[in-house]
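pasting the sequence and the predicted coordinates here, then a few questions.
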Amino acid sequence: MKKSVFHISKWIISACFILFVAVCALFPVKNQPVTLVVDTGVEVSELTVSVEDLSKIDSLTMIMPGIGEKSVREVRFHRGLKSISVDKISSGELEIYMEVQDNQIIFNSAVVEKMQKLSKTALLERLFTAECGLCVALFLWIILNALEEKFDESGLDNHGPINEITRFFKDIRIYKEYILFAAKSDLNAEVANSYLNRLWWILEPFFNMLVYVVVFGKVMGNSIQNYATFIFSALLMWNYFNHIINYSVKCVRFNRDIVTKIYVPKYVLLLTNMVLNFIKLLFSCVVLVVMLLIFKVHIGIEILYCIPAYVLMLILSFGVGMVLLHFGVFVDDLSYAVSILLQMAMFLTGIFFDVVTALTAPLNSVMLCLNPCTVFIDSMRNALLYRTISNVPLVCVWIVLALMISYIGIHIVFKHENSYVKVI
């Protein structure tokens, strides 16, 4: 009886979420004011135009003292979510849309038409609201699942989320030295017979970057400032995420000798690899610092916003990795599927291009909202290279979702880890 009540409750939550998504998609939204942001790299000026004004004007004038002596880096457009760009005009396209005269910028009718279209579409806000609804639905699902196991007469009670989270952090304290020692040992083993030793951790991403700059530079290089650092900074994050996800699928099988002989919490094995790859990432950051100096990229206080972007990357890597760790034990072919999907995702995430400008609407908004890798890469890059804090609502909601995915992964592994030895 209790079990059926919980099942019905889960179905109700699922139905409510689907209904909520439908409401988000179909609910009529009024036209919104559009904010135009002119970024010179040194100064940022904003102009918000109301819906009424947009319907009356055919050109737009922005007063910017001293603009004749400066070059405009890009023009951004925002709606209700101020830190998320719904469209951009890159430096290579500025002549088509604007003209500088003395201390003012005159935007032509093409910009007004673009702003009128942006005023009418609310796709980004709809997707963001749906993601917030997903956070609530997942939270309620986790609570219901915990209550179901608490009252389960078969004895499969895992004592709920609080107990599992407490156990997780307790295990981290217990196995902290093992994680660090194992990561250090694996790092030493990687370069034991190498002439260049740890230098390979710097050379590998650097030469990858050179290849991509040569291949994509002809297409994107002219429209993106500091294109080499643009690609390299993104590759560092993507390579880390890619390595963790690929490793997680075969994590238990790779550590068969350990798993079959002694008990070690399985997430300890994944965390060891995460520490290992993070150390390699830090080595690669040396090259990034040198590149920032060579290309004279000015760093501002906004660089601190890279921290939440990296936090999102780490939590998401762990959460998705834990889920794949479990299924990878039972489905050996999963590693091939994950590898193919990651290869496809690499070219859709915005590593080699700016998602907002390179992709046409509505694909750019969909990719920015629904791809967390795009969120943390784009946010990091804007903060590091362009001193712009962007995508704050998306970073926050994806950190929450990543934490929930991490808990789901921990819960699944706790519940089934005793069966792993029989399978491998």
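Cool, the structure landed. Residues are numbered from 1 along each chain as shown.

got any ranges where this structure has weak pLDDT?
Residues of the chain meeting the criterion pLDDT under 70: 1-3, 68-69, 152-159, 191-198, 215-223.

now the strands for it?
Shown for the chain, the strands assigned by DSSP state E span residues 34-39, 44-49, 60-63, 74-78, 85-90, 98-101, 104-107.

out of these, which comes closest to residue 246?
Nearest to residue 246 among these is strand 85-90; the distance by Cβ to Cβ comes to 31.4 Å. All C-beta atoms are positioned from the backbone trio N, CA, C, and that covers glycine.

what's the closest one in contact with?
By Cβ atoms under 8 Å, 6 or more residues apart in numbering, the surrounding residues in contact with strand 85-90 are 74-79, 97-98, 111, 114, 118, 121, 124, 223-224, 354, 356-357, 361, 364-365, 390.

ok, now which ones touch residue 313?
By Cβ under 8 Å, 6+ apart, the contact set of residue 313 is 237, 240-241, 376.

adding neighbour count and distance to residue 248, write those out as CSV.
Formatted as CSV, the contacts of residue 313 follow (neighbours: other Cβ atoms under 10 Å; distance: Cβ to Cβ, whole Å):
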residue, neighbour count, distance to residue 248
237, 23, 17
240, 21, 13
241, 25, 11
376, 31, 18
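
now, which of these lie within helices?
Mapping those onto helices (DSSP state H) picks out 237, 240-241, 376.

and which of the residues you listed is nearest residue 317?
Relative to residue 317, the closest of the ones in helices among the contacts of residue 313 is residue 241; by Cβ to Cβ it sits at 5.3 Å.

now the closest one: how far from residue 337?
Counting by Cβ to Cβ, to the nearest Å, the gap from residue 241 to residue 337 is 17 Å.

narrow the contacts of strand 85-90 to those in helices?
Using DSSP H, these in helices are 97, 111, 114, 118, 124, 356-357, 364-365.

just the buried residues of these.
Buried members of these, counted by 16 or more other Cβ atoms under 10 Å: 97, 111, 114, 118, 124, 356-357, 364-365.

can you list those in CSV and add distance to residue 407?
Below are these laid out as CSV (distance: Cβ to Cβ, whole Å):
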residue, distance to residue 407
97, 47
111, 46
114, 42
118, 37
124, 28
356, 32
357, 36
364, 31
365, 29
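
which two among those residues are spaced furthest apart?
Those two in those that are separated most widely, counting by Cβ to Cβ, are 97 and 124, at 21.3 Å.

in stretch 97-108, what's buried?
Here stretch 97-108 shows 97-98, 100, 105, 107 as buried, counting by 16+ other Cβ under 10 Å.

need the ones in helices among the contacts of residue 313 in a markdown table (columns: distance to residue 332).
Converted to a markdown table, the ones in helices among the contacts of residue 313 look like this (distance: Cβ to Cβ, whole Å):
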| residue | distance to residue 332 |
| --- | --- |
| 237 | 29 |
| 240 | 25 |
| 241 | 23 |
| 376 | 30 |
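
out of those, who's nearest residue 40?
Once Cβ to Cβ is applied, the member of the ones in helices among the contacts of residue 313 that ends up nearest residue 40 is residue 376, at 26.3 Å.

thought the closest one was touching residue 394?
No. Counting by Cβ atoms under 8 Å, residue 376 does not reach residue 394; the two are 9.3 Å apart.

where do the helices of the stretch 151-300 of the chain begin and end?
160-174, 176-190, 200-220, 227-249, 251-254, 256-259, 266-294 (DSSP state H, counting those that start in this stretch).

pick the most deeply packed of those helices.
helix 227-249 (a mean of 22; mean count of other Cβ atoms under 10 Å).

tilt between it and helix 266-294?
Between helix 227-249 and helix 266-294, the angle comes out at 170 degrees (axes from the mean of the first three to the mean of the last three Cα atoms, to 10 degrees).

could you dump helix 227-249 to PDB, C-alpha only?
The C-alpha trace of helix 227-249 is given here as PDB (Å, rounded to 0.1, in the frame of the first residue of the first chain):
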ATOM      1  CA  TYR A 227      41.500  33.600 -30.700                       C
ATOM      2  CA  ALA A 228      44.400  31.400 -29.500                       C
ATOM      3  CA  THR A 229      43.600  32.100 -25.800                       C
ATOM      4  CA  PHE A 230      39.900  31.900 -26.700                       C
ATOM      5  CA  ILE A 231      40.300  28.300 -27.800                       C
ATOM      6  CA  PHE A 232      43.000  27.300 -25.300                       C
ATOM      7  CA  SER A 233      41.100  28.400 -22.200                       C
ATOM      8  CA  ALA A 234      38.100  26.500 -23.300                       C
ATOM      9  CA  LEU A 235      40.100  23.400 -24.200                       C
ATOM     10  CA  LEU A 236      41.500  23.200 -20.700                       C
ATOM     11  CA  MET A 237      38.000  22.900 -19.200                       C
ATOM     12  CA  TRP A 238      36.600  20.600 -22.000                       C
ATOM     13  CA  ASN A 239      39.600  18.200 -21.800                       C
ATOM     14  CA  TYR A 240      39.100  17.900 -18.100                       C
ATOM     15  CA  PHE A 241      35.400  17.200 -18.400                       C
ATOM     16  CA  ASN A 242      36.000  14.800 -21.300                       C
ATOM     17  CA  HIS A 243      38.700  12.800 -19.500                       C
ATOM     18  CA  ILE A 244      36.600  12.400 -16.300                       C
ATOM     19  CA  ILE A 245      33.400  11.300 -18.200                       C
ATOM     20  CA  ASN A 246      35.300   8.800 -20.400                       C
ATOM     21  CA  TYR A 247      37.200   7.400 -17.400                       C
ATOM     22  CA  SER A 248      34.000   7.100 -15.200                       C
ATOM     23  CA  VAL A 249      32.300   4.700 -17.600                       C
END
